[in-house]
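S.K.: Pasting a predicted model and its sequence here:
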Amino acid sequence: MGKSALWRVPEDHLRTIYNNRTQGTDWVTVAMQVLLPIAVGITTWGLGAKLGDVDAAVTGISIVAGLLFSMAVFLFQLRLSLGTDKRLGKDDYALVDECMRNTLWAILWGLGLTLFLIVCDAGRWIGADSSGPVLTGIAIAATTHFLLVIGMCLKRLRRAYERIAMRQA
């Protein structure tokens, strides 16, 4: 795939999920990011829910993914400007870098989710009696993960604001 390979985006995102005190993997966050969405998706599937119309979901997810692009541009500009400030430490740079990695993952996941919904709707599979509940469960699980990653991005952005803009430890 060469220049179009995106495998580093999920890899970089996963490397941000660690415990600051132990420097090991934060398994609670992993469970929240992986197991909670799967549980929500399975529950949705088990209830037999079907998405009848995905237009609003596609629109909403697309808008949020677009706003995340703006956040990525902001983080890129912020990272470039940090190099001139001698008061910042290694942790400040790492925080901005981790926020960027999470944001890029959220963008990629949102675009993939949007494509999934469009294809499932175009094939009329997501509203079908046989495949609808399974595909709706997958869509709900993916949306839950998308929202959790956005929450992670916002948490890191807030922390970067505290540390860098407000100079709080």
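M.R.: Looks like it arrived, so ask away. Numbers count the residues shown, from 1 in each chain.
S.K.: Scan the chain for its longest helix.
M.R.: For the chain, the helix that runs over the most residues, judged by DSSP state H, is helix 90-122.
S.K.: tell me the mean pLDDT for that helix?
M.R.: For helix 90-122, the mean per-residue pLDDT is 95.
S.K.: Stretch 129-140 now?
M.R.: On average, stretch 129-140 scores 97.
S.K.: Relative to Lys50, how far out is the residue most central in space within the chain?
M.R.: Nearest residue to the geometric centre of the chain (C-alpha atoms, centre = their mean): Ala106, 2.8 Å. Applying C-beta to C-beta, to the nearest Å, the value for Ala106 to Lys50 is 26 Å. C-betas here are computed from N, CA, C, even on glycine.
S.K.: Let me see the confidence value for Asp12.
M.R.: 94.
S.K.: For the helix or strand it falls within, enumerate the helices and strands it packs against.
M.R.: Assessed by DSSP states H and E, Asp12 sits inside helix 8-15. In terms of contacts (3 or more C-beta pairs under 8 Å, 6 or more residues apart in numbering; DSSP states H and E), helix 8-15 is packed against helix 90-122.
S.K.: angle of whichever helix or strand comes after the helix it packs on against helix 8-15?
M.R.: Sequence order places helix 132-160 as the next helix or strand after helix 90-122, per DSSP H and E. Counting by axes from the mean of the first three to the mean of the last three C-alpha atoms, to 10 degrees, helix 132-160 lies at 70 degrees to helix 8-15.
S.K.: Check which residues of helix 132-160 are buried.
M.R.: The neighbour-count check on helix 132-160 (16 or more other C-beta atoms under 10 Å) flags 132-146, 148-150, 152-153, 156-157, 159-160 as buried.
S.K.: That helix versus helix 90-122: what angle between them?
M.R.: Using the same axes, to 10 degrees: helix 132-160 against helix 90-122 is 160 degrees.
S.K.: Make residue 1 into 32 and carry on from there
M.R.: Right, with 32 as the first residue, what we last looked at is helix 163-191.
S.K.: just how off-centre is helix 163-191 within its chain?
M.R.: Per C-alpha atoms, centre = their mean, to the nearest Å, the displacement of helix 163-191 from the mean C-alpha position of its chain is 6 Å.
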